Structures are given as structure tokens and as C-alpha cells.
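>>> Using only what follows, build the 3D model:
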Amino acid sequence: MAKQQLRPQRTDWRRNHERLLGVASVLVARDGAQVSLEKIAREAGVGSATLHRHFPSRRALLEEVFQGIVERLRQRAGELAGGDPRTGLVTWLEELTVCAANTRGLAAWLAAEAGDGPPDGETCHVVMREAAAVLVERALSVAAVRPGLSPEDLLTLAEAVSLVTEDDPAAARRLLHLALDGVRP
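Take a look at the predicted model:
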């Protein structure tokens, strides 16, 4: 996930950064992760050079757009890790899937990051993989899921369901539960 700035920034820098991030969040939610960077800059009232000073790449911008959502899902995995292993895993996968179905562009972003090769630091996908790994390991330890099941398997499943059910959380939940029936031992 995006690193925080180490030195204090000027007020206008922070204001532009927050404006760009706010506009990007709205446009990504509406139009998906491939929204035009120039459109984001224009709607934020800044030039594209300003956008690129704040976010040197689309990847950097999207990491920050999705950072809060991913952090909430990480924390939720930690909470669920203390309870029943199967229930915790299924609950977390459902929350991830519904969140990704409701957050346009998130599932595609996580899937794209998964295929990018070794990550540069703590990306959204790495955070989700680590959260899933804890829950999968617990479920495997009590034989609540099939042996050999991997966090990547379940993340791919959640991403796929989310992509085909974008803006339809009820369908996302239903399809996920149908697929999870195949995960049971």
C-alpha cells in the first residue's frame, strides 16, 4: 500500500492531494479503475502535471484509492481469526466479495496486481493475500476446508465473483456461497 509522506507537506500540496484522491475515488467507483487520469485532474481542478507529481503512476493512485478499503478488510480478517476457523474464513470472503462487487474497479485491480509478478512492497493484493493466508491456515488446521486450498485460490474466486456481479451484492453473496460449497472437505 502507498507509503505516507515522510516530511510535512505544504497546505496547498495536501489540499491538491486530497482533492485528487477524492475525485479519483468517485470516478473510479463510477467508471472503474481505467478511468482517464486527465479526467481526474480536470475534475479536481488541477493540471495533469500536478496529478503526476502526486501520483507518478496509475498504480500509485489506485493503491491510495483502495488503501482504506483494503486496510478495513485486513483488520476484519484479524478480528475473525479469533473465532471459528470455517465461519471466519467464509465471513471474510463474503465481506471481501461484497465489498469488491460494490467498489467498482477493486476486483479488477486486485486481479491485475496478482498477475504483475513479485510485488514492490505492501500492495493491496499482498495485504489481501496475507489476510486470507491467516484464515486459510486456521481453516486447514481443523480440516474445515479441502487440503491444498490456497489463499490465491480463494482470492481468485472472490475476484471472479465480484467482477461478474459488480453492483449486485446479493448475486455476489449467492454465487460465492455456491462456489464455497466446493471448498468443503
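>>> Show me the chain divided up by domain.
11-56, 66-180 (automatic domain parsing).
>>> Isn't residue 71 up against residue 127?
Yes - judged on C-beta atoms under 8 Å, residue 71 makes contact with residue 127 at a distance of 7.5 Å. Placement of C-beta: from N, CA and C, glycine included.
>>> Off-centre distance for the helix or strand of the chain with the lowest mean pLDDT?
Sorting the helices and strands of the chain by mean pLDDT, DSSP states H and E puts helix 106-114 at the bottom, at a mean of 79. Helix 106-114 has its average C-alpha position 7 Å from the chain's average C-alpha position, going by C-alpha atoms, centre = their mean, to the nearest Å.
>>> Just the C-alpha atoms of the helix or strand following that helix, please, in PDB.
For helix 106-114, the following helix or strand on the C-terminal side (DSSP states H and E) is helix 124-141. What follows is helix 124-141, C-alpha atoms only, in PDB (Å, rounded to 0.1, in the frame of the first residue of the first chain):
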ATOM      1  CA  CYS A 124      -3.300  -4.100  -1.900                       C
ATOM      2  CA  HIS A 125      -3.100  -7.700  -3.300                       C
ATOM      3  CA  VAL A 126      -0.300  -8.600  -0.900                       C
ATOM      4  CA  VAL A 127      -2.300  -7.300   2.100                       C
ATOM      5  CA  MET A 128      -5.400  -9.300   1.000                       C
ATOM      6  CA  ARG A 129      -3.200 -12.400   0.400                       C
ATOM      7  CA  GLU A 130      -1.700 -12.200   3.900                       C
ATOM      8  CA  ALA A 131      -5.100 -11.700   5.500                       C
ATOM      9  CA  ALA A 132      -6.500 -14.600   3.600                       C
ATOM     10  CA  ALA A 133      -3.500 -16.800   4.400                       C
ATOM     11  CA  VAL A 134      -4.100 -16.500   8.200                       C
ATOM     12  CA  LEU A 135      -7.700 -17.500   7.800                       C
ATOM     13  CA  VAL A 136      -7.000 -20.300   5.300                       C
ATOM     14  CA  GLU A 137      -4.200 -21.800   7.500                       C
ATOM     15  CA  ARG A 138      -6.600 -21.800  10.500                       C
ATOM     16  CA  ALA A 139      -9.300 -23.500   8.500                       C
ATOM     17  CA  LEU A 140      -6.900 -26.100   7.100                       C
ATOM     18  CA  SER A 141      -5.600 -26.800  10.600                       C
END
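>>> re the thing from before, how about the domains of the chain in a markdown table, adding mean neighbour count?
Listed next are these as a markdown table, based on neighbours: other C-beta atoms under 10 Å:
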| stretch | mean neighbour count |
| --- | --- |
| domain 11-56 | 16 |
| domain 66-180 | 18 |
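>>> Now do the least confident helix or strand of the chain against helix 124-141, angle only.
90 degrees (axes from the mean of the first three to the mean of the last three C-alpha atoms, to 10 degrees).
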